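**Student:** pasting the structure only:
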């Protein structure tokens, strides 16, 4: 599977222009769909881009930390609305919740005290907590305020409740199950050195690559475009061995909108980026000498990963580059339609519910969908369908669409035949003239 030649040329041209105008020593970009690498391109010679070369992820690391928080929530270690002091007693910010920290609505200041943690060797969790004074920068849960410190504290929570280091946890719980063998805590050759490009003479100045210690959950990891293709695929189509689809959906639901134009927001870990009518999920990242961006269009299971080994790109950004490429690919190569496959015969009770129904003059159809039901409005085919799973013979629970969480009750007549469907008091009939 690959991009069409013309689309590939467009993408390669976009990347080449970004590297040239942005002055990136090395710029690598990959387009992925359905766990397959559709297209790899790069520009620059320091080093020549290669799919197996590591770059530093920076804050994309936060999406892996958030995934582990959600795993432990699902396993009953804690609730997202737990106050921080329950797991890190004695902290001066113990009144914040894990949910607020995940979504950057805690009001916590952006960085820990001391030297710039991104360029300094970090201490351990005990040192981070010992130096934690009153770090509140604004009112919690009112406005967006990005905080690296919040993710250092979430990493401390993971360590305290499991008794294992964040490094061991991310390997065991995320990287190993997904086969991300080239995603590591410290760089492993081949890896790209990171630089600052001098503004006046275009010379390169290599940046340090410190172990960030207790702040590692906010930005430590190194990876390749090949490994990050697996992470993009996970965000689009979750692996149940790591996290359920329902929980990843929860992570990708907006917690806060970042700007008045509603072009950016944050979920429980992932960033949300709107371009036109599409919403992408992912995260950006930067560390001294590195920039990165992951953007995924979940409905089409298509994503872009971009890495640069310079702290910034003149006149553009790695984020803008990744969003432009992803939008270009989706505009020119929509995801192929899923092939129709005949379904096995529905059992008698389900078959009686299938067919056409009316409510207030609107026509709906109900179809068997594996073990569940799907219901859609015939006269509004663009609206998302409603999906239901069976709880008992005549009771179904909504799982997707407007009626997610609501109960569909099958109402039968004296002879046992299905006569009505009741969804949260909205009664559907086989009679087009039925208005109640």
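**Tutor:** Yep, that arrived. Fair warning: this is a prediction, and the values are worked out from it, not measured in the lab. Residues are numbered from 1 along each chain as shown.
**Student:** C-alpha from now on. contacts and neighbour counts both.
**Tutor:** Noted.
**Student:** Residue 372 versus residue 228, what's the distance?
**Tutor:** Distance, residue 228 to residue 372, by C-alpha to C-alpha, to the nearest Å: 33 Å.
**Student:** more neighbours, these two?
**Tutor:** Set residue 228 next to residue 372 and count neighbours by other C-alpha atoms under 10 Å: residue 228 wins out with 23 against 17.
**Student:** ok, the more buried one - contacts?
**Tutor:** Residue 228 makes contacts with 180, 305, as judged by C-alpha atoms under 8 Å, 6 or more residues apart in numbering.
**Student:** just checking, next helix/strand downstream of the least confident helix or strand in the chain by mean pLDDT?
**Tutor:** Across the helices and strands of the chain, the lowest-confidence element by mean pLDDT, DSSP states H and E is helix 125-130, at a mean of 82. Sequence order places helix 148-162 as the next helix or strand after helix 125-130, per DSSP states H and E.
**Student:** Quick one: name whatever helix or strand follows that next one.
**Tutor:** helix 166-170.
**Student:** Just the buried residues of that next one, please?
**Tutor:** 166-167, 169-170 (16 or more other C-alpha atoms under 10 Å).
**Student:** repeat for stretch 93-105
**Tutor:** 93, 96-105.
**Student:** swap in stretch 260-279?
**Tutor:** Buried, per 16+ other C-alpha under 10 Å, within stretch 260-279: 264-273, 279.
**Student:** what's the domain layout of the protein?
**Tutor:** 5-332, 348-429 (automatic domain parsing).
**Student:** Now do the SS call for residue 247.
**Tutor:** helix (DSSP: H, G, I helix; E, B strand; the rest coil).
**Student:** Check which helix or strand the closest residue to it other than its chain neighbours maps to.
**Tutor:** Distance criterion C-alpha to C-alpha, 6 or more residues apart in numbering; nearest residue to residue 247, sequence neighbours excluded, is residue 70 at 7.2 Å. Using DSSP H and E, residue 70 sits in helix 61-74.
**Student:** and that helix, what does it pack onto?
**Tutor:** Applying 3 or more C-alpha pairs under 8 Å, 6 or more residues apart in numbering; DSSP states H and E, we find helix 61-74 packed against helix 148-162, helix 166-170.
**Student:** Output the contacting helices and strands for the helix or strand just after the last one.
**Tutor:** Past helix 166-170, further along toward the C-terminus, the next helix or strand under DSSP H and E is strand 195-197. Judged by 3+ C-alpha pairs under 8 Å, 6+ apart, the packing partners of strand 195-197 are strand 204-206.
**Student:** so after the strand it packs on, what's the next helix or strand?
**Tutor:** strand 222-223.
**Student:** picking that back up, what comes into contact with the following helix or strand past the helix holding residue 70?
**Tutor:** Per DSSP H and E, helix 61-74 leads on to helix 98-102 as the next helix or strand towards the C-terminus. By C-alpha under 8 Å, 6+ apart, the residues outside helix 98-102 that reach it are 66, 79-84, 106, 108, 140-141, 147, 150-151, 154, 267-269.
**Student:** just stretch 53-63 next, same as before
**Tutor:** 151, 182-183, 187-193, 217-225, 269-270, 282-287, 290-294, 307-309.
**Student:** Tell me if residue 18 really is in a strand.
**Tutor:** No: judged by three-state DSSP, residue 18 forms no part of a strand; its state is helix.
**Student:** Neighbours of it, how many?
**Tutor:** 22.
**Student:** cool, and the one 3 residues further on?
**Tutor:** Here the count is done by other C-alpha under 10 Å, and residue 21 has 12 residues near it.
**Student:** Mind giving me the packing neighbours of the least confident helix or strand of the chain?
**Tutor:** Secondary elements touching helix 125-130 (3+ C-alpha pairs under 8 Å, 6+ apart): none.
**Student:** Which positions in it come out as buried?
**Tutor:** For helix 125-130, burial by neighbour count (16+ other C-alpha under 10 Å) applies to 125, 128-129.
**Student:** Could you give the separation of that helix from the chain centroid?
**Tutor:** In terms of C-alpha atoms, centre = their mean, to the nearest Å, the gap separating the centre of helix 125-130 from the centre of its chain is 29 Å.
**Student:** ok, and what's touching it?
**Tutor:** So helix 125-130 is contacted by 91, 112, 156, 213-214 (C-alpha under 8 Å, 6+ apart).
**Student:** let's go with 7 Å and repeat that
**Tutor:** 91, 156, 214 (C-alpha atoms under 7 Å, 6 or more residues apart in numbering).
**Student:** So what sits opposite residue 397 in the bridge?
**Tutor:** On the basis of DSSP bridges, residue 397 is bridged to residue 389, residue 407.
**Student:** Looks like it contacts residue 405 (just checking).
**Tutor:** Yes: counting by C-alpha atoms under 7 Å, residue 397 does reach residue 405; the two are 6.1 Å apart.
**Student:** Look at those two and report which has more neighbours.
**Tutor:** Counted by other C-alpha under 10 Å, residue 397 and residue 405 do not tie: residue 397 has more neighbours, with 21 against 15.
**Student:** Please report the distance of that one from residue 359.
**Tutor:** Taken as C-alpha to C-alpha, the spacing of residue 397 relative to residue 359 amounts to 19 Å.
**Student:** same question, residue 16
**Tutor:** 55 Å.
**Student:** now residue 349
**Tutor:** For residue 349 relative to residue 359 (C-alpha to C-alpha), the value is 21 Å.
**Student:** Would you mind telling me which of the two has the busier surroundings?
**Tutor:** residue 359 (20 against 13).
**Student:** ok, now which ones touch that one?
**Tutor:** 427-429, 434-435.
**Student:** Repeat that for residue 274.
**Tutor:** Residue 274 touches 263-264, 280, counting by C-alpha under 7 Å, 6+ apart.
**Student:** Could you point out which of these is nearest to residue 40?
**Tutor:** Distance to residue 40, by C-alpha to C-alpha, is smallest for residue 280 among these, at 19.9 Å.
**Student:** tilt between the helix or strand containing the closest one and helix 61-74?
**Tutor:** For residue 280, the enclosing helix or strand under DSSP H and E is strand 278-287. Going by axes from the mean of the first three to the mean of the last three C-alpha atoms, to 10 degrees, strand 278-287 is angled at 110 degrees with respect to helix 61-74.
**Student:** what lines up beside strand 278-287 in the sheet?
**Tutor:** Strand 278-287 is paired, per DSSP bridges, with strand 271-275 (antiparallel), strand 290-297 (antiparallel).
**Student:** Quick one: name whatever helix or strand follows the longest one.
**Tutor:** Meaning strand 290-297. strand 302-308.
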